[in-house]
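J.: Need coordinates for the following:
(3 chains)
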Amino acid sequence: MPAAPSFKDKIYRLVARIPKGKIATYGQLARLAGGPTRAREVGYAMAALRPATRLPWHRVINSKGEVSRRRRPGAELTQRMMLVKEGLVFNARGRLSLERYQWSPRRSGRR
DNA sequence: TTTATGGCTGTCA
DNA sequence: ATGACAGCCATAA
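T.: Numbering: from 1, shown residues only, chains lettered A, B, ... in the order given. Model prediction:
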């Protein structure tokens, strides 16, 4: 029997499911992983990814619909560029419409 | 141990 | 709209 996956692992699994052209917020992922108050850990989990990861980490943004600022400036521009490349459109204030782009996971094997 | 720092978020002024 | 604050909690030092 496999050990229960950690919160972090659940987050990674969820991120892997976000389809191209869609985004999810940190808080949303935290809720889906069963830790409604642990959004910050989601951000932490993203920050811990290796540069070579295949996870679509760039599809994770904050609740305001914008790319979060980080410690190392510049990387956020990369993220934004990747999203634009996938066809998402930022408005004049540098935000994405959550209405339009937020991912709604379909109930599948999870649970 | 304690303190500081985050890729966060909701509430309130 | 913006900004301060308080919860949140894993990591690092």
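J.: hey, what's the residue positioned nearest the centre of chain A bridged with?
T.: Centroid check for chain A by CA atoms, centre = their mean gives A:V60 as the closest residue, at 2.0 Å. Counting by DSSP bridges, A:V60 is bridged to A:A24.
J.: Isn't it up against A:A16?
T.: No: with contact taken as CB atoms under 8 Å, A:V60 and A:A16 are classed as non-touching, separated by 11.3 Å. Yep, even glycine has a C-beta here, placed from its N, CA and C like the rest.
J.: Can you show me the helices along chain A?
T.: Listed in chain order, the helices of chain A (DSSP state H) span A:7-17, A:26-32, A:39-47, A:75-85, A:98-101.
J.: And those helices: which comes nearest DNA strand C?
T.: For DNA strand C, the closest of the helices of chain A is helix A:39-47, at 4.2 Å, according to CB to the nearest atom of the strand.
J.: rewinding a little: is it possible to get a markdown table of the helices of chain A that adds distance to DNA strand C?
T.: As requested, the helices of chain A are arranged in a markdown table below (distance: least, CB to the nearest atom of the strand, whole Å):
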| stretch | distance to DNA strand C |
| --- | --- |
| helix A:7-17 | 6 |
| helix A:26-32 | 9 |
| helix A:39-47 | 4 |
| helix A:75-85 | 17 |
| helix A:98-101 | 12 |
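J.: Nothing else from me, thank you.
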